[in-house]
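[1] Give me coordinates for this.
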Amino acid sequence: MAYFRSLPRTPDLLSLFNKQERWLIAMNADPDAMASAMALKRIMAHRVQDVGIAHVNEVSRPDNLEMIHSLRVPTRKLTPNVIAQYDRFALVDSQPHHHEGFADMKFSVVIDHHPTSKEHPVEAEFAHVEPGYGANSSLLTEYLYNMNIRPGKLLATALQYGIKTDTSSFERDFAEADLRAFQYLNKFASPLLLKKIYRSEFHLEWLRYFCQAYFKMRLMGQGIFAFIEHVESPDILVLLADLFLRVHGASWTVISGVVDDKAIAIFRGDGLRRDMGKFAARCFGDIGSAGGHKGAARAEIAIADIDMPSPEAFLWKRLHTNKARAKKNGAAKQE
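    Here you go, the predicted model:
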């Protein structure tokens, strides 16, 4: 039995490529996006004049940097000068409205797994969006299989890591296709390279933030709150929020800090009772950007909009007030 379903639109995709044109694959770089870009570049190889990959965001997470280094991901920063060097453009693991950096680009190919928006329909000569998939890497693996392209070691490892991260090792929502893709790629990937990448979780200088978070930790029922005065990257808060959720007895965490001119709070939950996306929106939706999913959410508030001298006191008061209100109204049980 075949690993994957047949993709009847594969010839439509291939018909867009010719050897007189230069293509650029754009992305908002994370492991799933980088793996998808590598796979699409492999599909385009020998079918177009040249293929480049460019990322619109800053890449700073240690595992992402290790992935770029160990798997030789040929990506560079997306700039007007880079865009000017290419004739046609593709977008993977994202949709044009997801980032302002994509606004002025006309994409001929869009391959993604995020939910579509009625307000922002995807417009491209070839658009394939599969919201039911846990990882875009799984969808690109299907394309490789349908085209009889055997992924090399580096590409297969990248695709496996993309699936691993976007499904949180199959702890988040995923489809059968994600499992099949991961199993199929296991024949070609390097487990040693995969382990090297996912173990590269933080920079050495970030260790001091672990100490700060521990000593500033405050309990709120079954929740853990911590605030760090100044943080160089939100990625540090994400790592700490995930780590503190592993504490016995903790069902949710909010790890926060000041990054540049914003107060950022990262929410994590066990997904059993409290919906962290709704909780974040209730706490901060009226004053900043806030929301997410049941198990993971984020809030960003401009320091200038905080009406208290201390951002820490402001965040704590908002969290405490809304938690108490939710308990009183019985909202926590309904979520």
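[2] switch to C-alpha atoms for all contacts and neighbour counts from now on
    OK.
[3] List the residues that contact the residue positioned nearest the centre of the chain.
    Among the residues of the chain, the one closest to the centroid is Asp30, at 5.7 Å (C-alpha atoms, centre = their mean). By C-alpha atoms under 8 Å, 6 or more residues apart in numbering, the contact set of Asp30 is 59, 64.
[4] The chain should start at 3 in everything you say after this.
    Sure, I'll start numbering at 3, so the last one becomes Asp32.
[5] distance of it from Asp168?
    9 Å (C-alpha to C-alpha, to the nearest Å).
[6] likewise Phe19?
    29 Å.
[7] Same drill for these two, tell me which one is more crowded.
    Asp168 (22 against 19; other C-alpha atoms under 10 Å).
[8] residues touching the more buried one, list them.
    Contacts of Asp168 by C-alpha under 8 Å, 6+ apart are 34, 136-137, 174.
[9] try 10 Å this time
    Residues counted as contacts of Asp168 (C-alpha atoms under 10 Å, 6 or more residues apart in numbering) are 32-35, 135-139, 174-176.
[10] what does Ala105 give?
    Ala105 neighbours (C-alpha under 10 Å, 6+ apart): 98-99.
[11] now Gly54, nearest residue through space, not along the chain?
    Leu26 (4.7 Å; C-alpha to C-alpha, 6 or more residues apart in numbering).
[12] Tell me what the one you found is bridged to.
    Gly54, Phe91 (DSSP bridges).
[13] What segments of the stretch 203-337 of the chain are strands?
    Ranges of strands within the stretch 203-337 of the chain are 220-222, 225-230, 254-261, 264-271, 291-294, 298-304, based on DSSP state E, counting those that start in this stretch.
[14] Tell me which of these sits nearest to Asp106.
    Among these, strand 291-294 comes nearest to Asp106, with 23.8 Å by C-alpha to C-alpha.
[15] For the protein, give me the ranges with low pLDDT.
    Applying pLDDT under 70 to the chain picks out residues 3-4, 326-337.
[16] returning to what we had before: make CSV out of the strands of the stretch 203-337 of the chain and add distance to Ala126 and mean neighbour count.
    Formatted as CSV, those follow (distance: least, C-alpha to C-alpha, whole Å; neighbours: other C-alpha atoms under 10 Å):
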stretch, distance to Ala126, mean neighbour count
strand 220-222, 48, 13
strand 225-230, 43, 22
strand 254-261, 36, 26
strand 264-271, 34, 27
strand 291-294, 27, 20
strand 298-304, 30, 22
